[in-house]
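# One predicted model, sequence on top.
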Amino acid sequence: MNIYMDLKENSYDIVVERGILSRAGEYLNLNRRVLIVTDSGVPQIYSQTIAKQCKQPVILTVQSGEASKSLETFGVLLQKMLDNGFSRKDCVVAVGGGVVGDLSGFAASAYMRGIDFYNIPTTLLSQIDSSIGGKTAINFGDVKNIVGAFYQPKKVLIDPNVLKTLPERQISNGLAEAVKMALTSDKELFDIFENKDITASIDEIIIRSLNIKKSVVEQDEKESGIRKILNFGHTIGHGIESSGNMSELYHGECVALGLIPMCGENIRPRVVEVLKKCKLYNLIDFNWDKITEAAFHDKKADGEFVTVTIVPDVGSFQLETMKCCEVIEMAKRCFKG
């Protein structure tokens with residue numbers, strides 16, 4: 001399956017195909033110096049498979065986890081390229097999850113003012129969401145994704161076969177973003193979650209999710225309008241994630257909780273049932289003071305107001321500008337906090 005991201009001079013293909021990892025050289029220009037960035041949690045065979053298809057591969061393995069999205073690790077990538085004589089004609093390939101993709105893409109955008117970047121996501125979360133759209137970033141000053149650039153990849157290769165090495169909890173983590181997109185934009189995708197076997201439907205879930213994000217990004221590449229719907233659930237979700245609960249819950253698990261208050265009361269029970277089916281309904285001890293501080297010390301907040309996505313019914317959405325305190329009160333009422 002080939003999905004074409006139409007962004008004029010920044011356009012690229014997203015290829016979804018089982019077994020494509022071993023044929024990456026047929027799709028990517030690897031006949032040059034290639035920095036392959038992966039992390040310690042990704043099976044080494046994946047980066048090695050790519051390296052065997054490169055003329056001059058350099059593999060760099062960073063530590064798994066959000067801590068690698070730092071200025072320090074960013075500098076390590078740049079130094080590695082400098083030490084190995086990378087030029088403007090060379091490229092970076094990310095082989096890993098969202099952390100690797102965000103970090104690698106940002107390094108590619110900065111080195112010599114921009115070299116080619118390819119993304120090969122190996123987690124369901126990154127396959128469904130972060131691997132496309134061009135958002136690259138690192139964390140700084142305890143703020144998530146605050147330093148970065150919009151930098152589109154030249155191509156994205158998605159191999160569902162690599163998901164077989166993921167723990168079940170990581171699969172659930174990725175499904176959160178697909179549920180998010182189904183709620184705003186695709187009744188049929190939500191029906192899959194409600195009524196079908198999720199494991200058997202995983203290829204369709206990936207493709208449908210990618211098509212939703214593709215459509216949104218094509219309309220609003222740099223998040224000046226409709227692309228904000230991709231932040232559905234993220235205001236409260238990021239607050240939970242950055243409030244000290246990061247060690248308890250993954251990103252997708254936090255976003256899943258953030259979806260619930262933003263859904264209409266009439267569909268909320270259905271949403272909760274789907275999240276339970278996906279093993280994403282993890283009620284925690286909410287520290288609302290910390291969540292409030294973390295949620296609104298954020299680039300999406302504008303003073304005391306923030307634009308949030310509300311889903312009154314499955315497949316529809318509204319963008320509303322609300323006071324930050326109103327968003328928190330809505331969440332508190334939902335979770336009876």
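The structure has been received and is ready for your questions.
# Now do the contacts for the residue positioned nearest the centre of the chain.
Note on the chain: the residue nearest the mean C-alpha position is Ser130, at 2.8 Å, using CA atoms, centre = their mean. Shown in contact with Ser130 (CB atoms under 8 Å, 6 or more residues apart in numbering): 97-98, 101-102, 121. For every residue, glycine as well, the C-beta is placed using N, CA and C.
# those helices in the stretch 101-250 of the chain, which residues are they?
124-125, 168-185, 187-195, 202-219, 234-241 (DSSP state H, counting those that start in this stretch).
# Of all the ones you listed, which one is nearest Asn2?
Closest to Asn2 of the helices of the stretch 101-250 of the chain, according to CB to CB: helix 202-219, at 10.6 Å.
# What is that closest one packed up against?
strand 2-5, strand 12-16, helix 168-185, helix 187-195 (3 or more CB pairs under 8 Å, 6 or more residues apart in numbering; DSSP states H and E).
# So for stretch 43-53, what gets flagged as buried?
46-47, 49-51, 53 (16 or more other CB atoms under 10 Å).
# mind giving me TSV with these and columns for secondary structure and distance to Leu249?
Below are those laid out as TSV (DSSP: H, G, I helix; E, B strand; the rest coil; distance: CB to CB, whole Å):
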residue	secondary structure	distance to Leu249
Tyr46	helix	26
Ser47	helix	28
Thr49	helix	32
Ile50	helix	31
Ala51	helix	34
Gln53	coil	37
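# Pick out whichever of those sits closest to Asp203.
Distances from Asp203 to the buried residues of stretch 43-53, taken by CB to CB, are shortest for Tyr46, at 18.9 Å.
# now that closest one, nearest residue through space, not along the chain?
Residue nearest to Tyr46 in three dimensions, not counting chain neighbours: Val95, with 5.3 Å by CB to CB, 6 or more residues apart in numbering.
# How many residues are close by that neighbour?
31 (other CB atoms under 10 Å).
# did I read that right, it in a strand?
Yes - counting by DSSP: H, G, I helix; E, B strand; the rest coil, Val95 is part of a strand.
# residues contacting it?
Counting by CB under 8 Å, 6+ apart, Val95 has contacts 36-38, 42, 46-47, 50, 120, 122.
# make it 6 Å
36, 38, 46-47, 50, 120 (CB atoms under 6 Å, 6 or more residues apart in numbering).
# again with Ala149
109, 136.
# give me that answer again for 10 Å
105-106, 108-110, 114, 134-137 (CB atoms under 10 Å, 6 or more residues apart in numbering).
# ditto for Asp129
Asp129 touches 98, 101, 121, 123, 135, 174, 176-178, 180-181, 209-210, 213, 230, 251-252, 255, counting by CB under 10 Å, 6+ apart.
# Fine by me, we can end here.
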